[in-house]
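> Here is a sequence with its predicted model. Questions after.
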Amino acid sequence: MENSLRQNCQNRANVYFIRQFNRIQKNLRKLLFESRIELRMEKTIKKKTNQKQFELMVKLLEKNPQLAKGMTPFGSTKQTRIDLWEDIAAELNNIGPPLRRGSEWNKVKILCLKLCV
């Protein structure tokens, strides 16, 4: 009888924990879904680069022609290229909005080069 009582208590505890787990899992799925919606909304916001930023970008890329071509100086690493773009991003962001990360300014560079050619 004691074994069956103990087993009954364990079964109830297991059911309780399973229900709690399912609630937590449901809440996490909801949060994940909401965060995906927020990310999609962020991606749809268009940032318009101002004229001063384009002019400064052209000057900075003239100083770093290898970076403009998508290459880095011989012997440097991918991290050096990322750091260079972060430095460029800091200078371009000082001018004013829009503010972007280095990787985002790298994409704008491609557009800038297509327009300038």
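Arrived safely.

> Walk me through the domains of the chain.
Domain segmentation of the chain under automatic domain parsing yields 1-45, 51-116.

> what helix or strand is Leu31 on?
Secondary structure from DSSP states H and E places Leu31 in helix 2-44.

> any idea of the mean pLDDT in that helix?
Model confidence over helix 2-44 averages 71 on the pLDDT scale.

> Also stretch 91-101?
The model assigns stretch 91-101 a mean pLDDT of 86.

> May I have it as CSV, with CA atoms only?
The C-alpha coordinates for stretch 91-101 follow below in CSV (Å, rounded to 0.1, in the frame of the first residue of the first chain):
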residue,chain,number,x,y,z
GLU,A,91,32.7,58.1,-38.8
LEU,A,92,29.6,57.9,-41.0
ASN,A,93,27.3,57.6,-38.0
ASN,A,94,28.8,60.8,-36.5
ILE,A,95,27.4,62.8,-39.4
GLY,A,96,23.8,61.8,-38.5
PRO,A,97,21.0,59.5,-39.2
PRO,A,98,20.7,56.9,-40.5
LEU,A,99,22.9,54.9,-38.1
ARG,A,100,24.2,51.6,-39.3
ARG,A,101,26.6,48.9,-38.3
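
> Let me see the residues that make contact with it.
Defining contact as Cβ atoms under 8 Å, 6 or more residues apart in numbering, one finds that stretch 91-101 is touched by 47-50, 52-53, 56-57, 60, 86, 89, 105, 108. Where you see a C-beta, it was placed from the backbone N, CA and C, and this is true even at glycine.

> next one: stretch 76-88
With Cβ under 8 Å, 6+ apart, stretch 76-88 has contacts from 57, 60, 64, 67, 72-73, 101-103, 105-106.

> and stretch 68-81, how far apart are its ends?
With Cα to Cα, to the nearest Å as the measure, stretch 68-81 spans 11 Å from end to end.
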